[in-house]
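Chemist: sequence and predicted model, in that order:
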Amino acid sequence: MIEDKYNAYESLNKKLASFETIAQEAIRGGKEAKDATKAKNGALIIIIAIIVVLVVTVVSSKVISTNAAKKAEEQYNKAFQTAQQAKKYSSRVAADSNCCVVVQPDGKVKAVIGKNAGSHGETNVNSWTDIEAVSNGGFCTVGLKTDGTVISTKIINEDKDYPVNYGQTEVGKWKDIVAIATGRSHTVGLRADGTVVSTKVDESVKDSNDETKGQDDVNDWKDIVAIDAGYHTTVGLKADGTVVTAGETADTSTWQDVVDISTDGFFVMGLTSNGQVLCERTTSDIGDGSYYNDQATEWDDIAAIYCDEFEALGLKTDGTVVTTDVSSYYWDWPGEEGTRYRDWGQTDVQDWSNIVGLSSGDYYTVGIKSNGKLVITKIHDDEEDPEYSIDDGRNNVKGWKVKLD
């Protein structure tokens with residue numbers, strides 16, 4: 001009996017030990033589960049924190065990127081408006097090698113021509129009214145009226161052996177024009193819708209093949225906000241800041257962020273929104289010479305650019321003016337063969353201030369001051385025979401005022 005009670009006791013102790021083991025394992029398992037839960041929760045918190053950091057970083061990057069893009073856009077728009085305002089003022093003066101044409105504050109036009117300069121009727125503009133802009137260079141003067149139509153002087157005194165009328169005056173049917181530009185044998189107009197129109201070279205004219213370089217091939221241009229023309233070249237600035245060319249072209253395929261353009265037909269120049277200047281030679285075969293327009297790439301703080309036959313000019317943001325050195329090249333016109341070079345004083349602009357626009361006429365430069373008055377460089381000519389001097393009044397616009405509204 002005692003032995004049976006002992007065996008029962010031992011059996012009970014074993015069961016109790018077993019229950020204790022199970023309980024301890026249960027407790028240990030619960031603890032481990034609790035720790036696992038804590039670990040899992042900790043890992044989840046870390047993952048959430050990482051996600052939050054990533055989201056904040058992405059959002060911040062987007063905000064920074066958006067702000068940077070907005071700032072860049074604001075900078076571009078401001079530079080574009082500044083450049084185009086300067087070009088608007090500049091378009092009120094058309095300085096040419098033989099004459100100078102000016103739009104007065106009342107919209108009427110005055111002109112002067114050198115006593116020794118050959119005239120093709122460029123200054124026959126006294127009857128013009130309601131003029132917004134003028135341009136010359138193709139042996140005529142072209143005027144943009146405030147209603148968006150365009151008029152032109154008639155080419156006269158033409159030498160039949162050396163014709164100069166290639167149809168560049170055929171602008172009478174144009175409408176909705178907001179800007180004009182002239183080359184040697186073509187006239188270009190920018191429409192309000194961003195398309196471009198050009199006169200066509202009359203192929204029936206003698207030697208017209210020498211004038212047909214494709215400079216009038218602009219019918220497919222769209223989204224254009226500014227134009228310029230020179231000799232056998234047409235240049236267009238697109239709304240996205242890129243540049244297109246026609247005729248004797250220049251490689252502007254890599255240009256971006258451009259706010260202003262200019263060409264003389266030998267070079268194409270562009271101004272970026274940060275005030276830097278770009279410059280490329282055109283395909284024009286102008287012979288050997290020394291060319292300095294690319295010196296303009298060293299400029300800074302430029303508000304508007306002007307590319308002329310002999311030099312380039314830059315209007316700075318502070319209203320002062322800079323120029324390149326004077327270029328020279330070989331000229332092969334019949335009876336005028338030889339190297340064309342001369343510093344006639346057209347770069348004597350170092351002392352100018354408060355300038356809002358410029359126009360260059362080969363031998364001289366005209367500056368438009370903020371009060372509408374004109375300043376001009378003096379032509380330095382050592383020609384002893386007054387009948388051959390170019391210092392013959394062709395730049396005599398002293399005291400004239402220009403339209404600025």
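Modeler: Arrived safely.

Chemist: helices of the stretch 301-405 of the chain, start to end?
Modeler: Applying DSSP state H, counting those that start in this stretch to the stretch 301-405 of the chain gives no helices.

Chemist: which stretches of it have low pLDDT?
Modeler: Applying pLDDT under 70 to the stretch 301-405 of the chain picks out residues 329-342.

Chemist: list the contacts of the closest residue in space to residue 346 that isn't next to it in sequence.
Modeler: Among residues not flanking residue 346 along the chain, residue 365 sits closest, at 4.9 Å (C-beta to C-beta, 6 or more residues apart in numbering). Every C-beta, even on glycine, is put in place using the N, C-alpha and C of the backbone. Applying C-beta atoms under 8 Å, 6 or more residues apart in numbering, we find residue 365 in contact with 95, 313, 323, 346-347, 349, 358-359, 376-377.

Chemist: so residue 141 versus residue 361, what's the distance?
Modeler: From residue 141 across to residue 361, the span is 13 Å (C-beta to C-beta, to the nearest Å).

Chemist: how much space separates the residue nearest to residue 346 from residue 395?
Modeler: With C-beta to C-beta as the criterion, residue 365 and residue 395 are 9 Å apart.

Chemist: who touches both of those two?
Modeler: Between them, residue 365 and residue 395 share these contacting residues under C-beta under 8 Å, 6+ apart: 95, 376-377.

Chemist: what about the helices in the stretch 1-150 of the chain?
Modeler: 2-90.

Chemist: which residue is nearest the middle of this protein?
Modeler: Closest to where the C-alpha atoms of the chain average out (C-alpha atoms, centre = their mean) is residue 260, at 2.1 Å.

Chemist: wait, residue 101 sits on residue 123?
Modeler: Yes: between residue 101 and residue 123 there is a contact at 6.9 Å, judged by C-beta atoms under 8 Å.

Chemist: intersection of neighbour lists for the two?
Modeler: 111, 141.

Chemist: neighbour count for the two, which is higher?
Modeler: residue 101 (28 against 21; other C-beta atoms under 10 Å).

Chemist: which residues does the more buried one bridge with?
Modeler: Per DSSP bridges, the residues bridged to residue 101 are residue 94, residue 111.

Chemist: and for residue 260?
Modeler: For residue 260, the beta-bridge partners are residue 271 (DSSP bridges).

Chemist: show the contacting residues for it.
Modeler: Residue 260 touches 80, 83-84, 86-87, 226, 237, 270-271, 304-305, counting by C-beta under 8 Å, 6+ apart.

Chemist: which members of those define the maximum pairwise distance?
Modeler: By the measure C-beta to C-beta, the contacts of residue 260 have their two most distant members at 86 and 270, which lie 14.7 Å apart.

Chemist: okay, now the residue nearest to residue 355 when sequence neighbours are not counted: neighbour count?
Modeler: Leaving out its chain neighbours, the residue that sits closest to residue 355 by C-beta to C-beta, 6+ apart is residue 367, at 4.7 Å. Neighbouring residues of residue 367 were enumerated by other C-beta under 10 Å; the total is 24.

Chemist: got it, and residue 44?
Modeler: 10.

Chemist: PyMOL command to pick out the buried ones of the shared contacts of residue 365 and residue 395?
Modeler: To isolate the buried members of those in PyMOL, using 16 or more other C-beta atoms under 10 Å:
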select buried, resi 95+376+377
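
Chemist: output the shared contacts of residue 365 and residue 395 in a markdown table, with distance to residue 148 appended to each entry.
Modeler: Formatted as a markdown table, those follow (distance: C-beta to C-beta, whole Å):
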| residue | distance to residue 148 |
| --- | --- |
| 95 | 24 |
| 376 | 31 |
| 377 | 34 |
